[in-house]
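Colleague: Requesting a structural model of the entry that follows:
(2 chains)
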Amino acid sequence: MNIIKHRKIFYIISAVMLVPGIISFIFNGLHLGIDFTGGSRIELGNVSELSEQELQQTLENVIPVVSIQQTGDNTYLVRTEPISQQQNDEALSVVKSKDIGVRQLSFETVGATIGSETTQKAFLAVVIASLLITGYIAYVFREVSKPLASWKYGTAAVVALLHDVIFVVGVFSILGVLFHVEVDALFITALLTVMGFSVHDSIVVFDRIRENLKREVPLPFDEVVNASLLETLNRSLNTSISTILVLFTLLLFTDGALRWFIFALFIGVLSGTFSSIFNASPLLVTWNNWDQKRKRKIKK
Amino acid sequence: MKHSRIFVGLIFFFSLILLVLNLPIQYTASIDRSHIPFLSDPTQQQAPIEIPVIQPYKLGLDLQGGARLTYDLKMDDISDVNRENALESTRSIIDQRINVFGVSESVIQTIKTGNESRIVVELPGVTDVNQAIDLIGKTAQLSFWEPSQEDLSAEDATSSAYPLGATFFLNGKKPVQTQLTGKDLEAATVGFNPQNGATEVVLNFTPQGTKFFADITKRNVGNPVLIVLDNEVIQAPVVQSEIPNGQASITGGYTTEQAKTLSIALNAGALPVPLELVAQSNVGPSLGIASLQQSLFAGILGLVSVVFFMVLIYKKEGLLASLALLVYTLIVLFIFKIVPVTLTLAGIAGFILSVGMAVDANILIFERMKEELRAGKTKSQAIEQGFKRAWTSIRDSNISSLITCLILFYFGTGIVRGFALTLAIGIFVSMFSAIIVTRNFLRVFDGGNIKNQSNLGGNVERKIKIPRFLPFGR
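Modeller: Residues are numbered from 1 along each chain as shown, chains lettered A, B, ... in the order given. Below you'll find the model as predicted:
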């Protein structure tokens, strides 16, 4: 099996995976939750007498409702503009006057300033994590700066990582359009975890490349990379399978906000496995070929 | 080899201890003071010393229900040098107020981000959020008002310049604030009226306050004086005679509990900074219990599926790795218990994810061992080489994950931090279990030494069978 030889095919597969999400993101963005926008979220359980419409009408008279969503048997998630505890209590008593059994499962409110702060921090966290990881990889691969500079390993790992971030964000942009899936603070956590995981995978392959480059018998760079990929393929797949098994069981037995968090991790790990095998290492070869071509031009 | 066997024995021994310690039990050692001479006082009946030896797991709000309130401190009027102080004293005042509320395990955090100062209050198990919000936000500004010479005009009667109700009590005179305020209070205590037994809050003034109070009562004999709390008249007693001893009492028809709350609020003094509630979340207790059960079940199932997978792929080695994984689980749960790490849904997810990552190190090692065996090494050589060669990639990949955890912890709040912390603990412990524990298990149980052949029935020089099931067999 020669992954490196067919690398262009894998680049194209990646593009196909990413493009729909990117388009959706450009046109629709993400369906941001109150963690980012500010607002209130009320979870009502045991709503048996009122229909969704009746509930909406009842609530709209008391509080500024943004949306209502049924989340399970007789449970509803109500999003509103930021409201106070008093307003919440008022709304609850009005609902209870029409449907005595209703219980409030949770109430959450986030001020607008906190919301914009969370957005900033999230962005900053992703950028800083990328930089630190590049720096760290450049440092641990400093012994193998030939034929490729060690910071290029770091960059390739980060490209693979961005691949996964873009994929997950894209999928959630599409999910936001289709199913009104909201993005919350946990989503950022999922993204950063996926980043860590993706780099984890890339490093294992790079580590093998490092080892094989140190051998006495010199092989062409692309052959070294391909051999290293194949040697670590079993490990990559087995690790991904065990992690995906765990995530899959989590997916089956959780619900609500946590389920989408697990789902983000799930598709992120899938994407991470793909990108670290089929993007990160092949990119090293592509980059090396560019460098060679440029050097030859300069010599001429 | 001998060392390995001792080590493995110790691992089993400690695992058993950890297993017991991880059970959902609570144990508080109680020592009678009479056994300790220098702590006992025979003349008095003393409570025994209680030391919590084993505490239960600490559950986050999302798992046990409760409220989290986030306050912004309005520091605009406070000079930069005093802000640190103001934040700290606000924190301690809120702390005192919450203690009155009787919430165990409440957590108060101060957060500074850029120019903003925040206080996050977590109240596990609190269902009456309104009462909590009232109590925390209470400014407890005490002041005393007296009638002036001027008559009250029609506009004044509805003016908001005066405390609520102030214009009713002064027989048509304008209210005016005296010098006496909460600052002049030495202490407030709960007492009972000697005449009718009603609960009252007794105020003791400082020397300065005593003088003010004496002056006020002297010039107002026969007139009402208003006791105002938080811009509301709570009492308007008519002065009978001058009070020189610096004592006053508020009898507002309080229950003992209310009087206690008020006295503590008065003692704690006014909040130095106005607060604004900027974020809030309450979780009902039923939702919390459902989430806890769900996540525990998912955790056990996740663990079982990984064990199943490892045994399927790596047979005997997989079984040993699974044993190491159990040791890992016991250690991590124990750390959660003693630190204690507050467990939230996201935190448990982080822990379960770290189980997946913990087996990664073993997978790396086993794959390496297989390569070494194919290259013609003996089993024991393969074990040692496998561990040695896999180490650099285990180290580098785990450090990069730890970098991510660090950033999550630094930038995140609440749930995000919980996730980062449990994941980081998981990564550290997994390096120990996957490398040290598994290695010694393999040495002892997987034919590391020919001498062992007889007692373990081991197949020492046989190569590991390459598993038939490989996802992409080569």
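Colleague: hey, let's count contacts and neighbours off CA atoms from now on
Modeller: OK.
Colleague: Would you state the strands of the chain in chain order?
Modeller: If you meant another chain, say so; for now it's chain A. Using DSSP state E, the strands found in chain A span residues A:39-45, A:65-72, A:75-80, A:103-110.
Colleague: actually it's chain B I care about, not the one you picked
Modeller: B:27-31, B:49-54, B:66-73, B:107-113, B:116-124, B:142-151, B:173-181, B:185-192, B:199-205, B:226-229, B:232-235, B:247-250, B:275-283.
Colleague: which ones are touching residue B:279?
Modeller: In this structure, residue B:279 makes contact with A:108-111, A:114, B:69-71, judged by C-alpha atoms under 8 Å, 6 or more residues apart in numbering or on different chains.
Colleague: what's the closest of those residues to residue A:33?
Modeller: residue A:110 (10.1 Å; C-alpha to C-alpha).
Colleague: In space, what's closest to the closest one - neighbours in sequence excluded?
Modeller: Leaving aside its chain neighbours, residue A:110 sits nearest to residue B:279 (4.2 Å; criterion: C-alpha to C-alpha, 6 or more residues apart in numbering or on different chains).
Colleague: Just give me the neighbour total for residue B:63.
Modeller: Around residue B:63 sit 24 other residues, with neighbours defined as other C-alpha atoms under 10 Å in any protein chain shown.
Colleague: Please tell me the pLDDT value assigned to it.
Modeller: At residue B:63, the pLDDT value in this model is 80.
Colleague: How many residues are close by residue 143?
Modeller: Picking chain A for this. Applying the criterion other C-alpha under 10 Å, we find 12 residues in the vicinity of residue A:143.
Colleague: Chain B is the one I meant
Modeller: Residue B:143 has 22 neighbouring residues, counting by other C-alpha under 10 Å.
Colleague: now the helices: where do they sit in the stretch 1-150 of chain A?
Modeller: With helices called from DSSP state H, counting those that start in this stretch, the stretch 1-150 of chain A shows them at A:7-28, A:34-37, A:52-60, A:85-98, A:112-140, A:150-179.
Colleague: Which one of the ones you listed lies nearest to residue B:432?
Modeller: Shortest distance between residue B:432 and the helices of the stretch 1-150 of chain A, using C-alpha to C-alpha, is found for helix A:112-140: 21.4 Å.
Colleague: Where does pLDDT dip in the stretch 151-300 of chain A?
Modeller: Residues of the stretch 151-300 of chain A meeting the criterion pLDDT under 70: A:216, A:256-257, A:300.
Colleague: Enumerate the residues of it near chain B.
Modeller: A:185-186, A:189, A:192-193, A:195-197, A:199-201, A:203-204, A:207, A:232, A:234-235, A:237-239, A:242-243, A:245-247, A:249-250, A:253-254, A:258 (C-alpha under 8 Å from any C-alpha of the partner chain).
Colleague: Filter these down to the ones in helices?
Modeller: Counting by DSSP state H, the part of those found in helices is A:185-186, A:189, A:192-193, A:195-197, A:199-201, A:203-204, A:207, A:232, A:234-235, A:237-239, A:242-243, A:245-247, A:249-250, A:258.
Colleague: avg pLDDT for the longest helix along chain B?
Modeller: The residue-count maximum for a helix in chain B (DSSP H) belongs to helix B:285-338. Over the span of helix B:285-338, the pLDDT mean works out to 85.
Colleague: swap in stretch A:1-17?
Modeller: Taken as a whole, stretch A:1-17 has a mean pLDDT of 87.
Colleague: buried residues in it?
Modeller: Within stretch A:1-17, the residues scored as buried using 16 or more other C-alpha atoms under 10 Å in any protein chain shown are A:3-4, A:7-8, A:10-11, A:14, A:17.
Colleague: Name the nearest of the residues you listed relative to chain B.
Modeller: Using C-alpha to the nearest C-alpha, the shortest approach to chain B within these belongs to residue A:3, at 13.4 Å.
Colleague: any idea how far the residue lying closest to that closest one once chain neighbours are set aside is from residue A:93?
Modeller: With C-alpha to C-alpha, 6+ apart as the measure, residue A:226 is the residue that lies nearest to residue A:3, at 6.4 Å, once sequence neighbours are left out. Taken as C-alpha to C-alpha, to the nearest Å, the spacing of residue A:226 relative to residue A:93 amounts to 67 Å.
Colleague: Lovely, talk soon.
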